[in-house]
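>>> This is the structure alone, sequence omitted:
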């Protein structure tokens, strides 16, 4: 598995924190923009760490982490305009945060208190999707609807982004979404976070070609970006979204990144990957390179970095307190909302479950 892919990728900020230009993706940032990128990256990582800690302490049933993928999510999320709709999978906590959504939202889902059923139109951020790849078809249908509504073709047009991992590219739904998105010229960006591992399967066991090159076969452009570079991810995603909103159809963006943590809290990555691989990617940490850039350019000092760390700690502490205040899920509620009017079979199962639980009650 290569850290630097053959053929390269779009990069605007090197792992050493050096700013470089790309003529295809010209973009400018203010000093405040650079600092805001850093702040978002640090806070998102801290919130993600809190999610894993809560799961380990028995407060969440599961946690899908994003450690190492912060730049791919923050950069692409900040490229979205308010009218754009995002369709996540189940680990896009960073995109959710950049959309200005309360980070408590996914915790009800992973705690089992609710089914993650927020109103997508309230935030222009769809519900988390645990079925691998299904959200790409949902997103494509929504994008086709945008076209039918006449909301493409102008600077104020709408666009859609669908997030998925490299493992999802082996799913039929994703390839079907590529077909429908292409033939209907849908205003959609297919955003693949290639974190190199589909649970325990490396990408080279899934495909002989890079993810972004798959777009050629479906008739729309693909581009590979350094997914650990928040600036490049922002620039590439912004360009793809703008093309979509102007009626130029889909783009497949491959954010070449790395999952430094486990696939989920139920996974043990030490069983299938070697420590040296992780060390190589740590040297390309998305937060470290922005910190190095800010320091070299004199845009931030130790006081700033300490302030950001403290802000992140306070936000995470507040989140923890709110999660712990959530009601514990009642197991019997899993029978609710299965059928609109219930069913005799479900009633029997509920009664059997109640009888089973009663055997654990003290006499």
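Sure, I can see it. Computed from a predicted structure; not experimentally measured. Numbers count the residues shown, from 1 in each chain.
>>> where exactly do the helices run in the chain?
For the chain, the helices defined by DSSP state H occupy 31-56, 70-79, 93-98, 105-111, 120-123, 134-148, 172-183, 214-218, 230-245, 275-282, 286-296, 302-324, 344-358.
>>> Can you tell me what sits against the last one?
Translated: helix 344-358. Outside helix 344-358, the residues that touch it by C-beta atoms under 8 Å, 6 or more residues apart in numbering are 331, 332, 335, 338, 339. In this view, the C-beta of every residue, glycine as well, is placed from N, C-alpha and C.
>>> Scan those and report the most crowded one.
Most neighbours among these, by other C-beta atoms under 10 Å: residue 335, with 17 neighbours.
>>> who's in contact with that one?
Residue 335 is in contact with 346, 349, 350, 353, counting by C-beta under 8 Å, 6+ apart.
>>> which of those has the most neighbours?
In these, the most neighbours by other C-beta under 10 Å go to residue 350, 16 neighbours.
>>> hang on, the earlier thing: now, among the contacts of residue 335, which is nearest to residue 14?
Residue 14 lies nearest to residue 353 out of the contacts of residue 335, by C-beta to C-beta, at 56.6 Å.
>>> mind listing what residue 17 touches?
288, 289, 290, 291, 292, 293, 294, 295, 296.
>>> and the nearest residue to it once chain neighbours are set aside, how many neighbours does it have?
Distance criterion C-beta to C-beta, 6 or more residues apart in numbering; nearest residue to residue 17, sequence neighbours excluded, is residue 292 at 2.8 Å. Residues near residue 292, counting by other C-beta under 10 Å, number 17.
>>> ditto for residue 226
29.
>>> Would you agree it is in contact with residue 256?
Yes. Applying C-beta atoms under 8 Å, one finds residue 226 in contact with residue 256, separated by 6.2 Å.
>>> shared neighbours, the two?
With C-beta under 8 Å, 6+ apart as the test, residue 226 and residue 256 both reach residue 9.
>>> Give the residue spans of the stretch 1-150 of the chain that score low on pLDDT.
Residues of the stretch 1-150 of the chain meeting the criterion pLDDT under 70: 1-2.
>>> Starting from residue 3, give me the distance back to the most centrally placed residue in the chain.
The chain has residue 92 as the residue nearest its centroid, 2.6 Å off, counting by C-alpha atoms, centre = their mean. Distance, residue 92 to residue 3, by C-beta to C-beta, to the nearest Å: 24 Å.
>>> Would you check how far apart residue 43 and residue 318 are?
Distance from residue 43 to residue 318, by C-beta to C-beta: 12 Å.
>>> do the same with residue 25
On the measure of C-beta to C-beta, residue 25 and residue 318 end up 37 Å apart.
>>> More neighbours: which of those two?
residue 25 (19 against 13).
>>> Can you verify my assumption that that one contacts residue 12?
Yes. In this structure residue 25 lies within contact range of residue 12 using C-beta under 8 Å: 7.3 Å.
>>> Now list whatever residues contact both of the two.
Taking C-beta under 8 Å, 6+ apart as the contact rule, the neighbours common to residue 25 and residue 12 are 232, 235.
>>> For residue 69, give me its contacts.
Applying C-beta under 8 Å, 6+ apart, one finds that residue 69 lies in contact with 91, 94, 193, 195, 227, 255, 257, 258, 259, 286.
>>> could you redo the last one with a cut-off of 10 Å?
Listed by C-beta atoms under 10 Å, 6 or more residues apart in numbering, the contact partners of residue 69 are 44-45, 48, 91-94, 165, 193-195, 227-228, 255, 257-261, 286.
>>> No more questions from me, cheers.
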